[in-house]
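Enquirer: sequence first, predicted coordinates after that:
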Amino acid sequence: MNKKPIILGIETSCDETAAAIIQDDNSGIPKILSNIVSSQFDVHKEFGGVVPELAARSHIEKIDLITNKAIKESKIKITDIDAVAVTGGPGLVVCLSVGLNFAKALSLSINKPFIAVNHLEGHALSPKLNFKIDYPYLLLLISGGHTQYLSVNGLSNYERIGTTIDDALGEAFDKTAKLLGIEFPGGPKIEEFAKKGDCNKFQLPKPILNKGGCNLSFAGLKTAVLKIAKNINNEKDKYNLAASFQKTIEDILCKKTKIAFKEFVKKTKIKDNTFVIAGGVAANKGIRGKLEVISKKNNFKTIFPELKLCSDNAAMIAMAGLEKFKLNKFDNLNFQVNPRWALDENAKFLKGSGVKL
Ligand code: KG4
Ligand code: ZN
């Protein structure tokens, strides 16, 4: 029997240096042979956000060590690798460049194909590391930099149905956390705070809830949180605000997802559809629970990546790389960093105060 393809994935688009090895499998679900992620929380903590130059320096310091660790843990030899897949965008130019140049040099030295992967496609395909999923499917991508509903029609074939017109959802979580005095990145802690609070204590706005189809907006919500947070002087109200924020987000996502379901069904005409929720915020258990309930009611099967594959990792980059490898979709070594690489390049730009919905 021929050896199943083995792909090395590399990810350095923001503040995680990551490398992973996956191997295709007869089951249709690839095996993760190793998945190493090194986060830079400590590097950026005191600045309250990611500092690009510091992030890039940290990637440079670690990329070879992390890649070596991934190869060692997978128990393969470097020459067993069939292709090197790396995030080519979107992300921070100085950070992407580190992974991209490292991957190019490696692919050249082992004489194996080089594959540039869209980071968002990595998130979109991340559940395929655990489940068999057929195209098309509806995707809600909720991360620190992006928030979109997309129809995933095939590999590298996306149609955007809705998008945030201002902040990304992860950004809204992180900013709320900062206002509550939680260290960066505070998104995951909001959930813990929320469990201890009363979600009806503060009424927060739900911007563009009843207009703009399944487009989303979180900027007004952030301003409202800021005003309330300024006057909070006890722990209990911090928990109450976190709970009110969490509940408001759940309500917004439920309403907008129902609209996205309708739009998707109108396009596909399929009765039993799949709804994938991916990206860092997909780790939020409250959001998972609520979306699961409305999906059932609307004949959509929900699929979430396993928790450790929600946030940035290289296994998802290798996954997208494997699908491209199987279709012989390789890239040239002159591929340039693409910091604004969109999944649907035909979608209208919908950001800023002058946006018409
Ligand atoms: O996908 P990701 O790791 O990086 C980007 O590509 O942006 O997403 C990171 C984002 C951060 O904003 C983080 O606060 C948020 O995901 N996040 C969460 C949770 N876990 C991570 N937000 C809400 N609840 C969580 N449990
Ligand atoms: Zn990401």
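Expert: Done, it's in. Ligands and ions are numbered 1, 2, ... in the order given.

Enquirer: next, count neighbours for the closest residue to ligand 1 within the stretch 201-350 of the chain.
Expert: Going by Cβ to the nearest ligand atom, ligand 1 is nearest to G280 of the stretch 201-350 of the chain, at 2.1 Å. Quick note: C-beta positions are derived from backbone N, CA and C, even for glycine. For G280, the count of nearby residues is 23 (other Cβ atoms under 10 Å).

Enquirer: is it true that it touches I142?
Expert: Yes - if you go by Cβ atoms under 8 Å, G280 and I142 touch, sitting 7.3 Å apart.

Enquirer: returning to that earlier point: OK, contacts around the residue of the stretch 201-350 of the chain closest to ligand 1?
Expert: 142-144, 170, 187, 310-312 (Cβ atoms under 8 Å, 6 or more residues apart in numbering).

Enquirer: as CSV, those residues with neighbour count, pLDDT and distance to ligand 1 would be great.
Expert: Listed next are the contacts of G280 as CSV, based on neighbours: other Cβ atoms under 10 Å; pLDDT from 0 to 100; distance: Cβ to the nearest ligand atom, whole Å:
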residue, neighbour count, pLDDT, distance to ligand 1
I142, 28, 98, 8
S143, 23, 96, 3
G144, 22, 93, 3
G170, 23, 96, 3
G187, 23, 89, 2
C310, 24, 97, 7
S311, 25, 95, 3
D312, 26, 96, 4
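
Enquirer: so which of those comes closest to I7?
Expert: D312 (17.3 Å; Cβ to Cβ).

Enquirer: OK, contacts around the residue nearest to that closest one when sequence neighbours are not counted?
Expert: Take D312 and drop its neighbours on the chain: the residue closest to it by Cβ to Cβ, 6 or more residues apart in numbering is E16, 4.3 Å away. By Cβ under 8 Å, 6+ apart, the contact set of E16 is 37-40, 311-313.

Enquirer: for ligand 2, give me its nearest residue in the stretch 101-250 of the chain.
Expert: S143 (4.4 Å; Cβ to the ion).

Enquirer: from I133, how far out is that residue?
Expert: Between S143 and I133 the computed distance is 19 Å (Cβ to Cβ, to the nearest Å).

Enquirer: so which bits of the stretch 201-350 of the chain are right by ligand 2?
Expert: D312 (Cβ under 5 Å from the ion).

Enquirer: which stretches of the stretch 201-350 of the chain have low pLDDT?
Expert: Counting by pLDDT under 70, the stretch 201-350 of the chain has no low-confidence residues at all.

Enquirer: and the closest residue to N298 other than its chain neighbours, how far is that from ligand 2?
Expert: Setting aside the residues directly before and after it, N298 is nearest to F261 in space (Cβ to Cβ, 6+ apart), at 4.9 Å. Distance, F261 to ligand 2, using Cβ to the ion, to the nearest Å: 24 Å.
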